[in-house]
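S.K.: Coordinates only, no sequence provided:
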């Protein structure tokens, strides 16, 4: 296994993608989507290098996204991967942490099976929040074929599997994605924000995420709903939800 770091860089030429990066877990520093994603990713890599950051970074296309990534790891649970991710997230430019949202992105096709990706469970974000409230952008929900009906046990199992696979795909594409299993629905969310997400104007990072994920899909498809005071229906939009408490947190709060 080889790894690279978000080190102070020289003005060396842009690195090519490592030959084994497609088959490895990588640390995604930024992810781009849309028609100009490759050009935008290369521009971001050039910007980071000009700023003296991420000397070993490279551009890689994963699924529907193009990433600026660093490092490559066989085992995301290894100490090397964990230490490198922590170090990258701690890089500071003045008072800013430019890679605070960096994530370990799995290789495409490594979606696993239902329940096999507990590290993508939204409740893990609560464990990292130090008791502070956090918010995340819901971009998808999975449930019964009829959204007005309660899911059958088979539909609920399928919804949970689909949401975990969707979150894994988004992670492979460099997004800070999570799944969450509710009693009737399973949700997919992206990003983690503090109270600043509720302020006006909203943070630029949240605005950019909404532009990448404008809709809240249901079972993988867009749904239209009528807005109060309007005759026409529009696609259901992505929206902020509160990160749920980690398992056992209520019991711990009551302990003395």
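M.R.: Alright, I've got the coordinates. Values in this document were obtained by computation on a predicted structure and should not be read as measured data.
S.K.: count of residues packed around residue 89?
M.R.: Close neighbours of residue 89, defined as other Cβ atoms under 10 Å, add up to 16. (C-beta placed from N, C-alpha, C; glycine too.)
S.K.: Now do the contacts for it.
M.R.: Counting by Cβ atoms under 8 Å, 6 or more residues apart in numbering, residue 89 makes contact with 97, 99, 100, 102.
S.K.: buried subset of these?
M.R.: Taking 16 or more other Cβ atoms under 10 Å as the criterion, what is buried in those is 99, 102.
S.K.: Now do the phi/psi pair for residue 159.
M.R.: Main-chain torsions, residue 159, degrees, to the nearest 10: phi -60, psi -40.
S.K.: count of residues packed around it?
M.R.: 24.
S.K.: picking up where we left off before, between the contacts of residue 89, which is closest to residue 193?
M.R.: Closest to residue 193 out of the contacts of residue 89 is residue 100 (11.0 Å), distances taken as Cβ to Cβ.
S.K.: And the helices in the protein?
M.R.: Using DSSP state H, the helices of the chain run over 37-50, 79-89, 123-127, 153-172, 204-212, 249-254.
S.K.: any residues touching stretch 187-198, and which ones?
M.R.: Outside stretch 187-198, the residues that touch it by Cβ under 8 Å, 6+ apart are 101, 122, 125, 129, 132-142, 163, 166-167, 170, 175-180, 202-203, 205-206, 209, 213, 240-241, 243.
S.K.: Domain parsing of the chain, as residue ranges.
M.R.: For the chain, automatic domain parsing gives the domain ranges 21-105, 118-254.
S.K.: if I look at the closest residue to residue 178 other than its chain neighbours, how far off is residue 163?
M.R.: For residue 178, ignoring the flanking residues on the chain, the nearest one in space by Cβ to Cβ, 6 or more residues apart in numbering is residue 122 at 3.9 Å. For residue 122, the distance to residue 163 equals 10 Å [Cβ to Cβ, to the nearest Å].
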